[in-house]
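Q: Okay, sequence plus prediction incoming.
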Amino acid sequence: QVQLVESGGGLVQAGASLRLSCAASGLTFSRYAMGWFRQAPGKEREFVATIGSNGGTTYYADSVKGRFTVSRDNAKNTVYLQMISLKPEDTAVYYCAARMWVTSREVHDYDTWGQGTQVTVSS
């Protein structure tokens, strides 16, 4: 059974940092590109960052570029999202997702999703 479990969310003040983790099980993690997405209340789920199966390729949404860093540890079957200089507009439920091999910015390209972790940034 494939499972993705996010953790690390919380309530922080603007300017703070958080590191999200996503632990994967039930799949050969090193064959999967991983994505981070987020969904704010009343809005559609949007792309945040993606990383290739071996960690050599990363892409970011313009809104987080320079503030967020995606990384992975294939030995631990875990992908991370380091977030610094958080803003109130970063408030959302953050999801990790998996798809085989190739990165994508598109929600519909991912077939495995975690349950999400809430990030709330107060002003």
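A: Noted; the coordinates are in hand. Residues are numbered from 1 along each chain as shown.
Q: C-alpha only now, for contacts and for neighbours.
A: Noted.
Q: Isn't residue 39 up against residue 89?
A: No - look at residue 39 against residue 89 with CA atoms under 8 Å: they stay out of range, at 11.0 Å.
Q: what about those two, which has more around it?
A: More neighbours surround residue 39 than the other of residue 39 and residue 89, with 19 against 13 (other CA atoms under 10 Å).
Q: and the more buried one, what is it in contact with?
A: Neighbouring residues of residue 39 by CA atoms under 8 Å, 6 or more residues apart in numbering: 45-46, 92-94.
Q: gap between it and residue 75?
A: Separation of residue 39 from residue 75 (CA to CA, to the nearest Å): 29 Å.
Q: What values do phi and psi take at the residue nearest the centre of the chain?
A: Taking CA atoms, centre = their mean, the centroid of the chain lies closest to residue 36, which sits 2.5 Å from it. With angles defined as degrees, to the nearest 10, residue 36 sits at phi -110, psi 130.
Q: Quick one: residues contacting it.
A: Residue 36 sits next to 47-50, 81, 94-97 when contact means CA under 8 Å, 6+ apart.
Q: Need the residues you listed in TSV (columns: secondary structure, neighbour count and pLDDT).
A: Listed next are the contacts of residue 36 as TSV, based on DSSP: H, G, I helix; E, B strand; the rest coil; neighbours: other CA atoms under 10 Å; pLDDT from 0 to 100:
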residue	secondary structure	neighbour count	pLDDT
47	strand	22	98
48	strand	25	98
49	strand	26	98
50	strand	29	98
81	strand	23	98
94	strand	26	98
95	strand	26	98
96	strand	30	98
97	strand	27	98
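Q: which one among these gets closest to residue 27?
A: residue 97 (12.4 Å; CA to CA).
Q: Near the residue nearest to that closest one when sequence neighbours are not counted, how many other residues are there?
A: Nearest residue to residue 97 in three dimensions, chain neighbours excluded: residue 113, at 4.4 Å (CA to CA, 6 or more residues apart in numbering). Close neighbours of residue 113, defined as other CA under 10 Å, add up to 21.
Q: do residue 62 as well
A: Here the number of neighbours of residue 62 (other CA under 10 Å) works out to 11.
Q: part of a helix, is it?
A: No - under DSSP: H, G, I helix; E, B strand; the rest coil, residue 62 sits outside any helix and is assigned coil.
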